[in-house]
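In: Fold the following for me, if possible:
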Amino acid sequence: MKTPMLRPVVEALVFGFEQIPTVIRIGWFPLLLAIIIPTVAFSTLCGPTCSPQIVVEGEGDPEIIAEAVGEALEAINPVLLVSCAVIVGLIAELLVAPIMVVVTRAATRADYTPPRGPIYFALGPREIRYVLVQLIYGVIIAVLVTVFGGLAALAIGGGVAAMEETGGAAGGFALGAGALAALALGLVGLWLALRFLPVLAIAAVDNRIDFGGAWAMTKGNFWRLAISGLFFINLLSVATMVFFLVIILPVALVLLLASAALSALLGAGAFVLMALLALIALPAGIAVICFSVAAEAAYPGRIYAYLSGCGDECKYL
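Out: Modelled structure (predicted):
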């Protein structure tokens, strides 16, 4: 199957706008857990060992302060700190997974209805598989960036060194060859990364881990996926910026002007007014975040919908 280049992008962005209330409704409780539980876990596992108190004796002498900070940093166990960070990160991924699974399924399948009710949380085999796929895919991306990024840097460095040694036209040719080699390596890394793109939707929608299926599904679609992904990244950035300019920026300007005008009249009372006005800005910020999350989860789902050829069952617009 061939995927359209622009249609999945438009559908993902439209889905993001339409599903802001849904993401808020199903996401507030998992996100609350994702804030509280990792914080408690980090404090319990790591505790004061990873965040020692800095005791400064004296009258604020910079040398004494620097020495106290150095002693505090030396007291931190780096192995324990990294271990705690990994564990806390995994806990946070598991707690956020229910949101991403619901949003991806809703964006992919026309016959799926998101859960209703004011509180939602589900952590079962589907969500665990989704997190495992996220981790494996993240490792693949990290390895590709490290390997091909390093090779590209070596290619450019070799071209620069050759140009410095030979100079003239030969040096320019060597630098150009190094740049072309770096570009080719970057395209190979991007090709490998995009070939696995539907694997997240497969885990969320079909409840299975299938990197091989994602690889086979994207055969012959690299340039379509690359162009579509470029469109999506740019249009999502533009849409988020428009959201910011239309909703958040005016509220921020009102806060700034109100604080400047009323601080002389009300004194400390101006801060109360600013706090009330800030409550207006908070929902706007939450709406922007929910739009971005929904669109980012919907895009792989729409790509999967077209590549799997599921027809009316996956129709959106």
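In: contacts and neighbour counts: CA atoms only from here.
Out: Will do.
In: measure residue 2 to residue 26 for me?
Out: 33 Å (CA to CA, to the nearest Å).
In: Spell out the secondary structure type for the nearest residue in space to residue 209 that is not next to it in sequence.
Out: Nearest residue to residue 209, sequence neighbours excluded (CA to CA, 6 or more residues apart in numbering): residue 203, at 5.5 Å. Of the three states, residue 203 takes helix under DSSP: H, G, I helix; E, B strand; the rest coil.
In: Tell me which of residue 2 and residue 26 has more neighbours.
Out: Neighbours per residue (other CA atoms under 10 Å) separate residue 2 from residue 26, with residue 26 holding more: 22 against 16.
In: Check that one and give its pLDDT.
Out: The confidence metric pLDDT takes the value 90 at residue 26.
In: How about the secondary structure of residue 3?
Out: With three-state DSSP as the basis, residue 3 sits in coil.
In: cool, and residue 114?
Out: coil.
In: For residue 38, give me its contacts.
Out: Taking CA atoms under 8 Å, 6 or more residues apart in numbering, we find residue 38 in contact with 88-89, 91-92.
In: measure residue 23 to residue 107 for me?
Out: Relative to residue 107, and taking CA to CA, residue 23 is found at 12 Å.
In: likewise residue 291?
Out: Remark: distance between residue 291 and residue 107 (CA to CA) = 13 Å.
In: Neighbour count for the two, which is higher?
Out: Shown here are residue 291 and residue 107; by other CA under 10 Å, residue 107 has more neighbours (31 against 27).
In: Now do the residue found closest to the more buried one once you drop the neighbours it is linked to in the chain against residue 198, distance only.
Out: Distances taken as CA to CA, 6+ apart place residue 298 nearest to residue 107, at 5.1 Å, with adjacent residues excluded. When distance is defined by CA to CA, residue 298 is 11 Å away from residue 198.
In: With residue 214 instead?
Out: Counting by CA to CA, the separation of residue 214 from residue 198 is 5 Å.
In: Just want to know which of those two has more residues nearby.
Out: residue 198 (25 against 22).
In: wait, what's in contact with the more buried one?
Out: Contacts for residue 198 (CA under 8 Å, 6+ apart) come out as 214, 218, 300-301, 303-304.
In: 10 Å instead, please
Out: Counting by CA atoms under 10 Å, 6 or more residues apart in numbering, residue 198 touches 210-211, 213-215, 217-218, 299-305, 307-308.
In: Among the residues you listed, name the buried ones.
Out: 210-211, 214-215, 217-218, 299-305, 307-308 (16 or more other CA atoms under 10 Å).
In: Going by distance to residue 244, which of the residues you listed wins?
Out: Nearest to residue 244 out of these is residue 299 (CA to CA; 21.3 Å).
In: can you list the weak-confidence ranges in the protein?
Out: 47-77, 159-160, 162-164, 166-175, 177-178, 247-248, 251-252, 255-256, 258-281, 317 (pLDDT under 70).
In: residue boundaries of the helices in it?
Out: 7-18, 20-45, 62-74, 78-108, 125-166, 168-195, 199-206, 211-217, 222-243, 249-266, 269-308 (DSSP state H).
In: Which neighbouring residues are in contact with residue 91, exactly?
Out: Counting by CA under 10 Å, 6+ apart, residue 91 makes contact with 33-34, 37-38, 41, 85, 97.
In: Please report how far it lies from residue 207.
Out: Distance, residue 91 to residue 207, using CA to CA: 20 Å.
In: Over to residue 97?
Out: According to CA to CA, residue 97 and residue 207 sit 13 Å apart.
In: Which one's more surrounded, these two?
Out: The neighbour count for residue 97 versus residue 207, taken as other CA under 10 Å, is higher for residue 97 (26 against 17).
In: was I right about that one contacting residue 135?
Out: No. Counting by CA atoms under 10 Å, residue 97 stays clear of residue 135, with 11.8 Å between them.
In: who touches both of these two?
Out: Here residue 97 and residue 135 have residue 129 as joint contacts, going by CA under 10 Å, 6+ apart.
In: What residue, apart from its backbone neighbours, is nearest residue 39 spatially?
Out: Closest residue to residue 39 apart from its sequence neighbours, by CA to CA, 6+ apart: residue 88 at 7.9 Å.
In: now the one you found: how far from residue 42?
Out: Per CA to CA, residue 88 is found 6 Å from residue 42.
In: again with residue 303
Out: 37 Å.
In: ditto for residue 15
Out: To residue 42, residue 15 is 35 Å away according to CA to CA.
In: One more: residue 287?
Out: Separation of residue 287 from residue 42 (CA to CA) stands at 29 Å.
In: Comparing the two, which shows the higher neighbour count?
Out: Ranked by neighbour count (other CA under 10 Å), residue 287 and residue 42 place residue 287 first, with 20 against 17.
In: Report the contact partners of the more buried one.
Out: With CA under 10 Å, 6+ apart, residue 287 has these contacts: 16-17, 19-21, 23-24, 243, 247, 293.
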